[in-house]
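Chemist: can't give you the sequence, but here's the structure:
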């Protein structure tokens, strides 16, 4: 189970790194109200979005351009449909996903280390923790059905 988890975590990280691999893209995103002077909108919600004429999802980092100097990269330019998904999109930028992958990797390693101890309580806790972590991947076709949680009737 630990090996399976580490493989899935590596895939998640690879996708996040690919999303920001080019020189003209970035790891950190933010919402900006597109007006004469762009204004950053933190954790934009329905109320803020309804007041905004138009939102754009752009990088925090700036990149050199030929004509205007350093500018952000736009992941989504002029988003007119202000849904509750917008904060989620910005918050789960590649930098956060990469950091979460590293944290999950450390938790898996702690569980591996704990399962090698001669203490059945610690071993059982480590196995239970891995079982909870692996549930994120139940939608994958290669997910072993024996790892699905038991349904109480």
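Modeler: Great, that's in hand. Predicted model only: the values in this text are computed from it and were never measured.

Chemist: I'd like the next helix or strand past the helix or strand bottoming out on mean pLDDT in the chain.
Modeler: When each helix and strand of the chain is scored by mean pLDDT, DSSP states H and E, helix 46-51 comes last, with a mean of 50. Going down the chain from helix 46-51, the next helix or strand is strand 55-63, by DSSP states H and E.

Chemist: parallel or antiparallel, which strands does that next one pair with?
Modeler: strand 29-33 (antiparallel), strand 71-79 (antiparallel) (DSSP bridges).

Chemist: rank these by pLDDT, which is bottom?
Modeler: Least confident of those, judged by mean pLDDT, is strand 71-79 with a mean of 62.

Chemist: tell me what the longest helix seen in the chain is packed against?
Modeler: Secondary structure of the chain read by DSSP state H shows that its longest helix is helix 94-115. On a contact count with 3 or more C-beta pairs under 8 Å, 6 or more residues apart in numbering; DSSP states H and E, helix 94-115 meets helix 2-19, helix 120-134. Using the backbone N, CA and C atoms, a C-beta is placed for each residue, glycine as well.

Chemist: could you give the mean pLDDT of stretch 107-121?
Modeler: Stretch 107-121 comes out at a mean pLDDT of 93.

Chemist: got a list of contacts for that stretch?
Modeler: The contact list for stretch 107-121 (C-beta atoms under 8 Å, 6 or more residues apart in numbering) reads 2, 5, 6, 9, 122, 123, 125, 126, 127, 129, 130, 133.
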